[in-house]
Structures are given as structure tokens and as C-alpha cells.
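Engineer: structural data only, the sequence is not supplied:
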């Protein structure tokens, strides 16, 4: 995902999404069915709207004080900044920073290779200090169609009340809307009252009837009877 380098990024950001056409063929080798994947790529340009102080890729005025904030799309050289913010989120969520297993190399490979698994917005000060991020990826609803899942939304605790969290969230929404997504969705901790109140205020619906279920790698190995 990449923004255009036009002279007026505050009016619109052109985001290049890599669309993949995937073909698979079954091959039997040693009693195992092997899928061979090939891809044909094409670029699709999508416009994300900009509204100063509200959403979009570019420079925004701070809320409640003088100054500005920059929202931009992260690149592979930002892996260290992304990892530092992810670790900050872990500490905010009251878990050890060692819980974060991904490395800078993982972030580069998974986010900025030929087939990126995620996209990331960074929120920065004018000096280039990364103080927030929104990390998201595409999902699909069999009832509604294409969606965006917001994996992480985080603003450094020393830089809150500037309006950055709202800018990041609304910019993801602007990207989702421009791409024709039917919804965006995310999780929140039940004790994070300020965040829950904010999400409610912007119109997000809490799905109390749904539970989050997970299989970690070790459970998958057990399920599949693999070592």
C-alpha cells in the first residue's frame, strides 16, 4: 500500500492496492497433497478523502492546542517505529512486552513484501516522531462482502488528548469507504472504558452476543496431530 507523492497530498492520497489472482493445483508427493500457488498481480488505485482536522493522509491541526500532526502510510523503513508502538500497546494492555513475538524483520516481510498481510498508518509529530499507529488488513464477510479489520489502534500515553486517535481511526474508515468496504471491525478490552466510550460516541456497535475464539500454533499442531 503506498501513497502518491503528489504536491498536494492533503487533498487526496492515492493508495495502490495489490490485487492477487490466485491459481492452485494439487500435486501428490509422498502421500501428501501439495498446493502450488501462482499469482498475477495488478495495481488498483483508490482515492482516500481528506478533511483537515478530521481524517486523511497529510498534515492536520492538533485539537485543544497549537501544533500539527501528520498521518502517513508506513513503509519498510518504519519497522522499528511500528514495533516500538506495538510494544507500547502491550504495556498499556497490562501484558509483558515479551508477549510481542514479532520482530522488525517479521514486520518488513509481512507488511511490505509482494503480498502484504497488513497495512499501517503512522501518526507523527512534525519532527517525525512516531506517536501512534493504526494497523489494519482486509477481511471478507460472506453476508456483506469486503471489510477491513483494525488490528491495533494506539497512541502513546504522553501524546493523548491531541486528537490523534480519532484521526487514525477515521482515516482507516476513509480508506475502507473509498475501497467499497461494507464495514470495519475491531476488538476492545472490556476494562478500557475511555476507548469504549469513544467508540460508542462515533457510532460503533458493540456485539455482546459474539465471543472471540482462538487457536494458537501449538493448539493447531495438536488439532492436526503434528509435532
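Structural biologist: Received the coordinates, thanks. What you are looking at is a predicted structure, and each value in this text was computed from that prediction instead of being measured. Residues are numbered from 1 along each chain as shown.
Engineer: any chance you could map the helices in the chain?
Structural biologist: 79-92, 104-111, 164-178, 193-201, 217-224 (DSSP state H).
Engineer: what does the last one rub up against?
Structural biologist: Taking contacts as CB atoms under 8 Å, 6 or more residues apart in numbering, the residues outside helix 217-224 that touch it are 215, 226-227. Placement of C-beta: from N, CA and C, glycine included.
Engineer: residues contacting residue 148?
Structural biologist: By CB under 8 Å, 6+ apart, the neighbours of residue 148 are 136-139, 172, 175-176, 179, 181, 183-185.
Engineer: so what's it bridging to?
Structural biologist: Residues in a beta bridge with residue 148, per DSSP bridges, are residue 138, residue 184.
Engineer: I'd like the distance between it and residue 48.
Structural biologist: In this structure, residue 148 and residue 48 are 12 Å apart, going by CB to CB, to the nearest Å.
Engineer: picking that back up, quick one: closest of the helices of the chain to residue 52.
Structural biologist: helix 164-178 (10.3 Å; CB to CB).
Engineer: tilt between the closest one and helix 193-201?
Structural biologist: Orientation of helix 164-178 against helix 193-201 (axes from the mean of the first three to the mean of the last three CA atoms, to 10 degrees) gives an angle of 40 degrees.
Engineer: please name every helix or strand in contact with helix 164-178.
Structural biologist: strand 32-49, strand 68-73, strand 119-124, strand 130-141, strand 145-155, strand 183-185 (3 or more CB pairs under 8 Å, 6 or more residues apart in numbering; DSSP states H and E).
Engineer: could I get the ones you listed as a markdown table with distance to residue 100 and mean pLDDT?
Structural biologist: Output for these, formatted as a markdown table (distance: least, CB to CB, whole Å; pLDDT from 0 to 100):
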| stretch | distance to residue 100 | mean pLDDT |
| --- | --- | --- |
| strand 32-49 | 29 | 49 |
| strand 68-73 | 22 | 96 |
| strand 119-124 | 15 | 97 |
| strand 130-141 | 13 | 97 |
| strand 145-155 | 11 | 98 |
| strand 183-185 | 23 | 97 |
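Engineer: where does pLDDT dip in the protein?
Structural biologist: Applying pLDDT under 70 to the chain flags the ranges 1-47.
Engineer: mind checking how far residue 48 is from residue 181?
Structural biologist: Separation of residue 48 from residue 181 (CB to CB) stands at 12 Å.
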